[in-house]
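Chemist: fold the following and give me the result.
(2 chains)
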Amino acid sequence: MNEKDPLGHDRADGGGRLGLQTVRYAVLPHGGTREKDKAWREAHAFQAPLRDRQMPVAGRGNIDHNRREMAGVDTSTRACYLATEPEQLALSAFRRARDREATVARFWNIGAAAVRGALTPPGAKAAPRVYLNEDRQEDLPVDVDGTASVSVWPKRIVTVEFAV
Amino acid sequence: MPDSGEQPRTLHVISHTHWDREWRLSFQRFRFRLVQLVDRLMDLLNEDLGLRYFNMDAQTICVDDDLGVKPASRGRLLSVIRHGRILVAIWCNQNDNTLVSGESAIRSLLIGHRKAEAFGGPTAAVKAGCIPDQIGNISQLPQILRGSGIGTAVGGRGLDMPRESGCMEHWRENPGGSSEATEAGLDFPLGAVGRQEGEARPGTNGHFGEAYDESGNPITCHDMSSETAPDRVLSPTAPPMAQLLRRFTVQIQTACASTSFCATTPAPWRLPCFAAPTGPL
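Modeler: As a prediction, this is how the structure comes out:
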């Protein structure tokens, strides 16, 4: 009996999974360019679909739902970790920094024109731009609403660290 | 060395393996061979001090896979890595860029650099993008390598430089506009090398030598042992070098990839320029 991973699949021995594999493909006919028809958005939704997960709200303990509602506590099962504009900025990674208490978000400009991106990480105190290896570059300007802005050339990858 | 009166040039020899962790054989079957390769390599490095560098296909995972079988060898192997004779950076593992996301390439670079540092090996000595067998190269690879402080790369499969340009080197233009990209340092030189799978055949890639002759730069050749123990590694004292010495007037220097390419890559305006295809990251 093979060892199981947390999702119940057979754990591999470090190599690939031998045997029958099932792969899903999607074909999206469109008449214009990839950018104009926003085919990238469909592809992204297919490859990395948004999934809901109910999570406990940090710092609120295990008070049950009704008691929290009666107490006027926010019982939302959704939380905004990062808001971005415009939509040409495609998010390719959002995770903890490897060696410090910070979150790293990576975008790339999927469009054909340069854009001014607005990134709003709730509660972030600073937003330094970082290299792909997570060495820090310059701090991005952050306005009073906590929105960091950055210019992104077409097809350029941008990585930003959020210290909370 | 032949007495031709010709000024000797420097021949940079890059000894390396190309290691598919799992391909036509399963991971464990290839791992069996990898352990044999490392054992043989350690003997060679011990016997031949002229063999100054051996590049482990720029994959730190080869070290992990070997030490997973032979944990008692850790001290001995890491000692050689710390002395820079076995080079393991820059990747964690060579992945097929077109099958995984661009983020996987970034993570592999990130983990590879940190692992190499943890092993105590020099990362600066291997700051050349090693992309030997990626079947196809994604459009943003130059930008990804640049983002990790890597300004040049060498590749094999999928480049077909001799057919496209008659030159083994070219300047890869990133998507997004050449002038902007150049200003931002996103374009970079990329050299192609011929490959002889399974055995080391020094000097048999004539086109490679000619390309460097025309540009007036030193010659580079590579010596590869793919999927097998390196029993014919090139070094100034190894027998296969004699064949090469009859063809060129050279001084031989074993080299790591970045040394060689810093010394041999022509200025960008002398290279043909190719635009990378646009597409998803």
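Chemist: switch to C-alpha atoms for all contacts and neighbour counts from now on
Modeler: Noted.
Chemist: neighbours of residue A:49, just the number please.
Modeler: For residue A:49, the count of nearby residues is 10 (other CA atoms under 10 Å in any protein chain shown).
Chemist: repeat for residue B:80
Modeler: Neighbour tally, residue B:80, other CA under 10 Å: 18.
Chemist: next up, the contacts around the closest residue to residue A:82 other than its chain neighbours.
Modeler: Take residue A:82 and drop its neighbours on the chain: the residue closest to it by CA to CA, 6 or more residues apart in numbering or on different chains is residue A:121, 4.5 Å away. For residue A:121, the contact set (CA atoms under 8 Å, 6 or more residues apart in numbering or on different chains) comprises A:81, A:82, A:83, A:146, A:147, A:162.
Chemist: JSON lines please, covering the residues you listed and showing pLDDT, secondary structure and distance to residue B:140.
Modeler: JSON lines is the format used below for the contacts of residue A:121 (pLDDT from 0 to 100; DSSP: H, G, I helix; E, B strand; the rest coil; distance: CA to CA, whole Å):
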{"residue": "A:81", "pLDDT": "79", "secondary structure": "coil", "distance to residue B:140": "27"}
{"residue": "A:82", "pLDDT": "86", "secondary structure": "coil", "distance to residue B:140": "25"}
{"residue": "A:83", "pLDDT": "87", "secondary structure": "strand", "distance to residue B:140": "25"}
{"residue": "A:146", "pLDDT": "84", "secondary structure": "coil", "distance to residue B:140": "31"}
{"residue": "A:147", "pLDDT": "89", "secondary structure": "coil", "distance to residue B:140": "28"}
{"residue": "A:162", "pLDDT": "90", "secondary structure": "strand", "distance to residue B:140": "24"}
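Chemist: in PyMOL, select just the buried ones from the residues you listed.
Modeler: With 16 or more other CA atoms under 10 Å in any protein chain shown as the criterion, this PyMOL line picks the buried residues out of the contacts of residue A:121:
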select buried, chain A and resi 146+147+162
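Chemist: what's the end-to-end length of stretch A:125-135?
Modeler: End-to-end distance of stretch A:125-135 (CA to CA, to the nearest Å): 18 Å.
Chemist: so does it get close to chain B?
Modeler: Yes - using CA under 8 Å from any CA of the partner chain, we find that stretch A:125-135 touches chain B at A:131, A:132, A:133.
Chemist: which residues of the chain score low on pLDDT?
Modeler: Here I'm looking at chain A. Along chain A, the parts satisfying pLDDT under 70 run over A:1-12, A:52-79, A:164.
Chemist: the intended chain is chain B.
Modeler: The low-confidence ranges in chain B, as defined by pLDDT under 70, are B:1-13, B:125, B:155-281.
Chemist: so which residues on it come close to chain A?
Modeler: Counting by CA under 8 Å from any CA, chain B sits next to chain A at B:21-22, B:26-28, B:103, B:106, B:109-110, B:143-144, B:147-148, B:175-176, B:280.
Chemist: give me the most central residue, chain A.
Modeler: For chain A, the residue nearest the mean C-alpha position is residue A:94 (4.0 Å; CA atoms, centre = their mean).
Chemist: contacts only, for residue 105.
Modeler: Answering for chain A, as no chain was given. Residue A:105 sits next to A:91, A:92, A:93, A:94, A:95, A:159, A:160, A:161, A:162 when contact means CA under 8 Å, 6+ apart.
Chemist: look at chain B instead
Modeler: Counting by CA under 8 Å, 6+ apart, residue B:105 makes contact with B:95, B:97, B:144.
Chemist: distance of it from residue A:148?
Modeler: Going from residue B:105 to residue A:148 by CA to CA gives 27 Å.
Chemist: same check, this time on residue B:136
Modeler: Plainly put, residue B:136 is 36 Å away from residue A:148 if you go by CA to CA.
Chemist: out of these two, which sits in the busier spot?
Modeler: residue A:148 (23 against 14).
Chemist: surely that one and residue A:141 touch.
Modeler: Yes - Residue A:148 lies in contact with residue A:141 (CA atoms under 8 Å); the separation is 5.6 Å.
Chemist: and for those two, which residues touch both?
Modeler: Shared contacts of residue A:148 and residue A:141 (CA under 8 Å, 6+ apart): residue A:127.
Chemist: what does chain A have sitting close to chain B?
Modeler: A:14-16, A:40, A:92-93, A:110, A:112, A:131-133, A:153-157.
Chemist: farthest-separated two in those residues?
Modeler: The largest separation in those, counting by CA to CA, is between A:14 and A:112 at 40.1 Å.
Chemist: look at these two and report which has more neighbours.
Modeler: With neighbours defined as other CA under 10 Å, residue A:14 and residue A:112 compare such that residue A:112 has more, 15 against 11.
Chemist: give me the distance between the more buried one and residue A:89.
Modeler: 11 Å.
Chemist: could you do residue A:27 as well?
Modeler: According to CA to CA, residue A:27 and residue A:89 sit 23 Å apart.
Chemist: so between those two, which is more surrounded?
Modeler: For the pair residue A:27 and residue A:89, the greater number of neighbours falls to residue A:89 (25 against 7), based on other CA under 10 Å.
Chemist: and residue A:95, that's in a helix?
Modeler: No - assessed with DSSP: H, G, I helix; E, B strand; the rest coil, residue A:95 is strand; it does not lie in a helix.
Chemist: enumerate every residue touching it.
Modeler: Applying CA under 8 Å, 6+ apart, we find residue A:95 in contact with A:103, A:104, A:105.
Chemist: excluding sequence neighbours, find me the nearest residue to the residue nearest to the centre of chain A.
Modeler: residue A:105 is the one closest to residue A:94 (CA to CA, 6+ apart), at 4.4 Å.
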